[in-house]
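What follows is a predicted protein model with its sequence.
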Amino acid sequence: MLAINRKAMHFRAIIITAIVTAIWIFEPVSAQNQYNLQQALQATKTNNPMLKKEQLNVNIAETDIVTASLRPNPILNNQSLQLVKASKFPDNTGWGNHLNRQVWWQVTKPFEMPQLRKNKIDFANQNVILNQKAFKETERNLFQDVASKWLDVWSARKQLDILNIAKNNIDSLVIINKVRLKNQVITTTDLARTELLANQYKVQMKSADQNYKNEITNLKYLMGIQDDVNVDTTDNFQFAFPANVDDLLQQALQSRSDIQTLKSTIDVANANIKLQKSMALPVPELGAIFNPQNGAPYLGVYGTIAIPIFSRNQGEIRKSKVLKQQAEQDLLATQSLVQSEISTAFSSYQTQKQNLLNFTGLLTQSQTILNNVKYAYLRGGTTIIDFLEAQRSWLDTQQQYYETLQLYRQSYIKLLYASGIINQIAQ
């Protein structure tokens, strides 16, 4: 008779657990926009307010092209001299008579050398390209922050889900043990131990839930959106890498945005050298003069040009050459940094990938142990202590697995960032 009661209670336990789990799985979820990693990066590219602000730097640089294309304005000069001594006035004339006045009208225009104007425009164009490359580098850094925060949200969600499963499992056992205590199958200590663990999980879930909400808020800020969001926990990170680390390094050296920015800086420096050299040449100013003197009109021409004896823009020319040397040195240093970052990121990625593969079998093992111990406990074949230990071991294994998975995905994101592929994903 006792065996029949135990079988019935075991059957009821299975039914209760199935019902609770089904309710939790199929519980209606509030309407939210779900983002995988790529979608989160794309949304950031469109909506982040800081990116919109940085984009305006490109528009500002484009206005310099308009400025460089403008030609110097004509210059109008007037000089008027009035005879002030009345005794010197011609007969029958007064202050307002044109015979007592000399007027000088001069219209001139500076004429820039064609090479100077060309170099100004080229320098402005190179600056626009530099700002575009710098904007890509700003995107790359922001995308890394967004990807890391997306992973934090994913981790917080997984932690909450694991605790939810564990709590539902214990809650169903609490219900069963209350029945078993009533039937005098177990002691009050067994029920108390079960309820204690259920309360512990309840407290942990509150903290995990708050942490998840905080991480969601931080992710929304980085993405630049106001609507409720959720991460796609089924995202498997299927972005392709070159299989060989040398190929990955070459790709990074060619396409990474900071390398492109520094190469563009060298182009700007070369354009600046040409501009500063052309600015050493004097700019002539030519024009015409109309000069009525005491009623007699005179016409003339005007021309002036600086004689480049002392100042030939030597300082700016020298500075432009030093700036080029600085940019070239910066490029060499950054290329060395890229090699180091790719090497360490790729090694970490391979290590974490192998760790994840080694961990997979432990999940099945811990779940089997928990099922067996729970079955034995409900049949009276083991103690509550063994079951609670199996439950804690299962939770620890689950948490360690997702911590390992998080480390793997962190290494994945670092490799995306180091290689520059993260910019391509956001397109």
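Yep, that arrived.

and residue 80, what helix or strand is that in?
strand 75-82 (DSSP states H and E).

Please read the previous query as pertaining to residue 287.
Counting by DSSP H and E, residue 287 is part of strand 285-290.

What strands flank that strand, and is each parallel or antiparallel?
Sheet pairing of strand 285-290 (DSSP bridges) gives strand 101-110 (antiparallel), strand 299-304 (antiparallel).

Any idea which of these gets closest to residue 278?
Smallest distance to residue 278 across the strands paired with strand 285-290 (CB to CB): 14.4 Å, for strand 101-110. Yep, even glycine has a C-beta here, placed from its N, CA and C like the rest.

Can you give the contact residues for that closest one?
Here strand 101-110 makes contact (CB atoms under 8 Å, 6 or more residues apart in numbering) with 72-83, 283-294, 302, 304.

Now the element after that strand, going C-ward?
helix 114-182.

phi, psi of the spatially closest residue to residue 245 that is not a sequence neighbour?
Using CB to CB, 6 or more residues apart in numbering and skipping residues adjacent in sequence, the residue nearest residue 245 is residue 346, 4.8 Å away. Note on residue 346: backbone dihedrals following degrees, to the nearest 10 are phi -70, psi -40.

show me what contacts residue 346?
Neighbours of residue 346 in contact, by CB under 8 Å, 6+ apart: 245, 248, 415.

mind showing which ranges of the protein have poor pLDDT?
Flagging of the chain using pLDDT under 70 yields the residue ranges 1-32.

ranges for the helices of it?
Counting by DSSP state H, the chain has helices at residues 2-25, 37-47, 49-69, 114-182, 188-223, 245-255, 257-278, 314-378, 384-419, 421-425.

Could you export those helices to TSV, including columns for distance to residue 239?
As requested, these are exported to TSV (distance: least, CB to CB, whole Å):
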stretch	distance to residue 239
helix 2-25	29
helix 37-47	8
helix 49-69	21
helix 114-182	11
helix 188-223	19
helix 245-255	12
helix 257-278	17
helix 314-378	12
helix 384-419	7
helix 421-425	6
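
most neighbours per residue, which of the strands paired with strand 285-290?
Of all these, strand 101-110 has the most neighbours on average by mean count of other CB atoms under 10 Å, namely a mean of 16.

Count the neighbours of the closest residue to residue 365 other than its chain neighbours for me.
Once flanking residues are discounted, residue 365 sits nearest to residue 397: 8.0 Å by CB to CB, 6+ apart. Neighbourhood size, residue 397 [other CB atoms under 10 Å]: 19.

Residue 272 now?
So residue 272, with other CB under 10 Å, has 22 neighbours.

For it, give me its contacts.
So residue 272 contacts 123, 320, 323, 324 (CB under 8 Å, 6+ apart).

Neighbour-wise, which one of these leads?
That'd be residue 123 among the contacts of residue 272, by other CB under 10 Å, with 23 neighbours.

Quick check: closest non-adjacent residue to that one.
residue 271 (4.3 Å).

List the contacts of that neighbour.
Contacts of residue 271 by CB under 8 Å, 6+ apart are 119, 122, 123, 125, 126.

separation between it and residue 277?
Remark: distance between residue 271 and residue 277 (CB to CB, to the nearest Å) = 11 Å.

Tell me how many other residues crowd the residue nearest to residue 212 when sequence neighbours are not counted.
Leaving aside its chain neighbours, residue 212 sits nearest to residue 156 (4.0 Å; criterion: CB to CB, 6+ apart). Number of residues near residue 156 (other CB under 10 Å) recorded here: 20.

Repeat that for residue 98.
12.

Could I get the phi/psi values of the closest residue to it other than its chain neighbours?
When the adjacent residues along the chain are set aside, residue 98 lies closest to residue 295, with 5.4 Å between them (CB to CB, 6+ apart). Main-chain dihedrals, residue 295, degrees, to the nearest 10: phi 90, psi -10.

For the residue nearest the centre of the chain, give its distance to residue 373.
Central residue of the chain (CA atoms, centre = their mean): residue 142, 1.0 Å from the mean position. With distances taken as CB to CB, residue 142 is found 48 Å from residue 373.

Same check on residue 414?
Distance, residue 414 to residue 373, by CB to CB: 39 Å.

circling back: what residues does the residue nearest to residue 365 make contact with?
362, 363, 365, 366.

same thing but 10 Å
With contacts defined as CB atoms under 10 Å, 6 or more residues apart in numbering, residue 397 is in contact with 162, 359, 362, 363, 365, 366, 367, 369, 370.

Stretch 414-427: end-to-end distance?
Start-to-end span of stretch 414-427 (CA to CA, to the nearest Å) is 18 Å.
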